[in-house]
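Chemist: build the 3D model from these lines:
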Amino acid sequence: QVQLVESGGGLVQPGGSLRLSCAASGLTFSSYTMRWYRQAPGKERELVARISSGGGSTIYADAMKGRFTISRDNAKNTVYLQMNSLNSEDTALYYCNAQHVYTRRDYWGQGTQVTVSS
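Modeler: Below you'll find the predicted structure:
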């Protein structure tokens, strides 16, 4: 079965950095567009970043541009989210999502918590 397992979350001070990872199994990773979403308490889930199946195209939400970088390693079936200059508004549960490029079937991970606080 398909599994997406996020890791790398934790507590970080404002201005700090974290690198999230999402390891995929049970699917042909290179056939999936990968996305990171986040959901803060009391707020709707929002898109953070997206990377194409081959890694050549990326999209970021405006609030993350210049601070976050999404990347992927298709040989390792893993997508990453490098997060810099973190602030309290980045506190959320971060999820990865895999969507097949043709069927549009998608899968979700369980999420990893990121807390930005001094």
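
Chemist: and the nearest residue to residue 7 once chain neighbours are set aside, how far from residue 47?
Modeler: Computed as CB to CB, 6 or more residues apart in numbering, the closest residue to residue 7 that is not its neighbour in sequence is residue 21, at 5.1 Å. C-beta coordinates here come from the backbone N, C-alpha and C atoms, glycine included. Using CB to CB, to the nearest Å, one gets 18 Å for the distance from residue 21 to residue 47.

Chemist: between those two, who's got more neighbours?
Modeler: Counted by other CB atoms under 10 Å, residue 21 and residue 47 do not tie: residue 21 has more neighbours, with 17 against 14.

Chemist: okay, and the beta partners of the more buried one?
Modeler: For residue 21, the beta-bridge partners under DSSP bridges are residue 7, residue 80.

Chemist: how far away is it from residue 3?
Modeler: When CB to CB is the yardstick, residue 21 and residue 3 sit 13 Å from each other.

Chemist: ok, residue 89 - contacts?
Modeler: 40, 63, 116 (CB atoms under 8 Å, 6 or more residues apart in numbering).

Chemist: wait, a helix at it?
Modeler: Yes - remark: residue 89 belongs to a helix, assigned using DSSP: H, G, I helix; E, B strand; the rest coil.

Chemist: buried among the contacts of residue 89? Make that a ChimeraX selection.
Modeler: Entered in ChimeraX, the line below selects the buried ones among those, by 16 or more other CB atoms under 10 Å:
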select :116
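
Chemist: how about the strands in the chain?
Modeler: Under the criterion DSSP state E, strands of the chain are mapped to 3-7, 10-12, 18-25, 32-39, 46-51, 58-60, 68-73, 78-83, 92-100, 106-108, 112-116.

Chemist: got CSV for these, with mean pLDDT too?
Modeler: Putting the strands of the chain into CSV (pLDDT from 0 to 100) gives the following:
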stretch, mean pLDDT
strand 3-7, 98
strand 10-12, 97
strand 18-25, 98
strand 32-39, 98
strand 46-51, 98
strand 58-60, 97
strand 68-73, 98
strand 78-83, 98
strand 92-100, 98
strand 106-108, 97
strand 112-116, 98
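
Chemist: many thanks, we can stop here.
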